[in-house]
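Engineer: just the structure for this:
(2 chains)
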Protein chains: 2
Amino acid sequence: MDQTRAIGDIRPTPLPSRVSLVEVGPRDGLQAEAEWIPTATKIDLVNGLIDAGLRHLEVTSFVSPRAVPQLRDAAEVLAGIDRSKGAVLTALVPNAKGAERAASAGIDAMVVFLSASESHNAKNVNRSVRESLDGVRDIVRIATDANIAVFGAIATAFGCPFEGNVPVGGVVDIARAYADLGITSISLGDTTGMATPPIVQERVRALRDRVPEADIALHFHNTRGVGLVCIYAGLQEGVTRFESSVGGLGGCPFAPGATGNICTEDLVYMLDECGIESGVDLQRLIAVSRQAEAAIGRTLAGQVMKAGPRLELHDLNAVSTACG
Amino acid sequence: MDQTRAIGDIRPTPLPSRVSLVEVGPRDGLQAEAEWIPTATKIDLVNGLIDAGLRHLEVTSFVSPRAVPQLRDAAEVLAGIDRSKGAVLTALVPNAKGAERAASAGIDAMVVFLSASESHNAKNVNRSVRESLDGVRDIVRIATDANIAVFGAIATAFGCPFEGNVPVGGVVDIARAYADLGITSISLGDTTGMATPPIVQERVRALRDRVPEADIALHFHNTRGVGLVCIYAGLQEGVTRFESSVGGLGGCPFAPGATGNICTEDLVYMLDECGIESGVDLQRLIAVSRQAEAAIGRTLAGQVMKAGPRLELHDLNAVSTACG
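Structural biologist: Just a heads-up that it's a prediction; the model follows:
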């Protein structure tokens, strides 16, 4: 029996029928883990995710090992990943040095990034947005020489924890600058969970209008509980690319106890139930998520990994109460 | 500065401009707590919720004290609640005896309930759905004699943990039977978190069609992470009454570690950000939620109570990293 089948044929009409998921758990999720995670565990995680059907994964970051010690094994992780299924492997690249390392490690695509708010960009990389864009130009040159694609990420695209609301114009300007550099695969990042449905709608529409060549991805955090609602709002705007993290790996550096990235299984569950194809096998993904939880030794934020798919039935006699 | 103001005037067009929230934490949230919660704590919780702006609260249950010992102080709790603000206080009433107790305790409205699936109804109250409906008739008679309103709840309205999918026809039949007994305020309960956007859409439309006099409320659980997405889908269908629980109080009896009721603050946050009035003050509600968490001595599932509203800004110099 297909546990993930949506009921009937009652998909809300405006939703797309197929989406692409970008799994960011191995990079965005693991980067903040204080405890060292062995390289073999990281490789197993990525390979498990590929086995579950994910075909686009941000697997590591070629940042300074001093800045992010957890990802100092970037090249070794990449070398250990199963490339036979044709999954696109990407990595975060902050500067020319990282780009050189990523190219020689054999990455499929480099992800450049900057923040839509100056204060966050300064805090993150100690540069102005303009300086970051200059750096992107250098990375693009290196990637182009090596025949490697470049994707662009815009952090704090829905709000900044230091500045509050981030004007849509600034986000669009950065996307325009990315596109002018040939970067048309552009992700809007909800760095600290400030996205809401109206802001998603506003930004997607503005981007479509001013950067029509952009292939938009949305990257939400569930910090304030509305991460999947923002995905739903994005789907209704026709967006078909979303970034998420297995188990919801990765927290929010600003709010102790708050969650970070939206959870890939919960997203896949929602997509399945809305009749939207993602190519991911939910049951297999849940198994990977539980392995990740065991490896990290901490309860993850994912809900479906705890509750199971909706048609996983319970034994009437095995529960003491049916209240709820 | 208004922390909860939505950006601009970009409310998604199909959403209603105002909704009513039914706070069920004091009943649905507390009923499963094993540790005794003092009556004064319960009263403080309800009064705090009223102070935060909630005007419809399910405050207790007139069930057998043996079945639900935590709510054995139903009458005392009701007697201690501040009635000066005109909040509508309701209580769950399972049978004629409970109805008599509720009436003499001075409840504003009785909530009758049954499940849309036979196995869940049998497990919950040891009766068939037909027998439960007969019982509802007795309660309606007692309530009518005492000039007290009756609301009707339908459990497992989006799926049953024992049977799986629940046919929409059965849900509509029960709603029709409720309406024929004069109960037009009808809540669809997502007892174990099996609701999804397409099922919400299907059920709301069917109910509108077959029971046009029904004033529909939706009661979701976040067991599989999509509780607020279901609310969003309900809003887009024009539903304007939702049940939720402060802090997300109340778990799921079928999945250890899984969450139960959707969280009132997270819902209010979403509504505020979508420009939808609920009459609730988010900051005050967060304070009540944190008090409830302290009283219960366990981390609650609410997200906004941990992260704060989206425009609660952080000091640039007080955080060590801006990654996310």
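Engineer: next up, phi/psi of the closest residue to chain B within the stretch 1-150 of chain A, please.
Structural biologist: Closest to chain B within the stretch 1-150 of chain A is residue A:123: 3.8 Å, counting by Cβ to the nearest Cβ. Using the backbone N, CA and C atoms, a C-beta is placed for each residue, glycine as well. Note on residue A:123: backbone dihedrals following degrees, to the nearest 10 are phi -70, psi -40.
Engineer: what is the mean pLDDT for stretch A:223-242?
Structural biologist: In this model, stretch A:223-242 carries a mean pLDDT of 97.
Engineer: any weak-confidence spans in chain A?
Structural biologist: A:1-13, A:252-255, A:319-324 (pLDDT under 70).
Engineer: buried stuff in stretch A:167-179?
Structural biologist: For stretch A:167-179, the neighbour count (16 or more other Cβ atoms under 10 Å in any protein chain shown) marks A:168, A:170-175, A:177-179 as buried.
Engineer: what does stretch A:233-253 give?
Structural biologist: Neighbour-count burial for stretch A:233-253 [16+ other Cβ under 10 Å]: A:233-237, A:239-253.
Engineer: one more: stretch A:82-95?
Structural biologist: The neighbour-count check on stretch A:82-95 (16+ other Cβ under 10 Å) flags A:87-95 as buried.
Engineer: for that stretch, list the C-alpha coordinates in CSV.
Structural biologist: Provided in CSV are the C-alpha atoms of stretch A:82-95 (Å, rounded to 0.1, in the frame of the first residue of the first chain):
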residue,chain,number,x,y,z
ASP,A,82,28.3,8.0,-4.8
ARG,A,83,28.2,9.8,-8.1
SER,A,84,26.6,7.0,-10.0
LYS,A,85,23.0,8.3,-9.7
GLY,A,86,23.8,11.6,-11.3
ALA,A,87,23.0,13.7,-8.3
VAL,A,88,24.2,17.3,-8.6
LEU,A,89,26.6,18.0,-5.7
THR,A,90,27.1,21.6,-4.7
ALA,A,91,29.2,23.4,-2.1
LEU,A,92,29.3,26.8,-0.5
VAL,A,93,32.2,28.9,-1.8
PRO,A,94,33.0,32.1,0.0
ASN,A,95,36.0,33.4,-2.0
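Engineer: list of residues touching that stretch?
Structural biologist: Applying Cβ atoms under 8 Å, 6 or more residues apart in numbering or on different chains, the external contacts of stretch A:82-95 come out as A:22, A:27, A:46-47, A:50, A:54-64, A:74, A:78, A:81, A:98-99, A:102, A:105, A:107-113, A:125, A:135, A:138-139, A:151, A:153.
Engineer: inside strands: which ones of these?
Structural biologist: A:22, A:56-61, A:109-113, A:151, A:153 (DSSP state E).
Engineer: so what's the residue count around residue A:277?
Structural biologist: Residues contacting residue A:277 under the criterion other Cβ atoms under 10 Å in any protein chain shown number 12.
Engineer: now do the one 10 residues further on
Structural biologist: Other residues near residue A:287 come to 16 when the count uses other Cβ under 10 Å.
Engineer: in what helix or strand does it lie?
Structural biologist: Using DSSP states H and E, residue A:287 sits within helix A:282-296.
Engineer: so residue A:182 touches residue A:139, yeah?
Structural biologist: No. The criterion here is Cβ atoms under 8 Å, and residue A:182 misses it with residue A:139 at 11.4 Å.
Engineer: what do the two both touch?
Structural biologist: Joint contacts of residue A:182 and residue A:139 (Cβ under 8 Å, 6+ apart) are residue A:150.
Engineer: how about the helices of chain A, start to end?
Structural biologist: Ranges of helices in chain A, per DSSP state H, are A:39-51, A:74-80, A:96-105, A:118-125, A:129-145, A:168-180, A:197-210, A:227-236, A:264-273, A:282-296, A:304-307.
Engineer: tell me which parts of the stretch 51-200 of chain A are close to chain B?
Structural biologist: Within the stretch 51-200 of chain A, the positions near chain B by Cβ under 8 Å from any Cβ of the partner chain are A:68, A:115, A:119-120, A:123-124, A:155, A:159, A:161-165, A:189, A:191-194, A:196-199.
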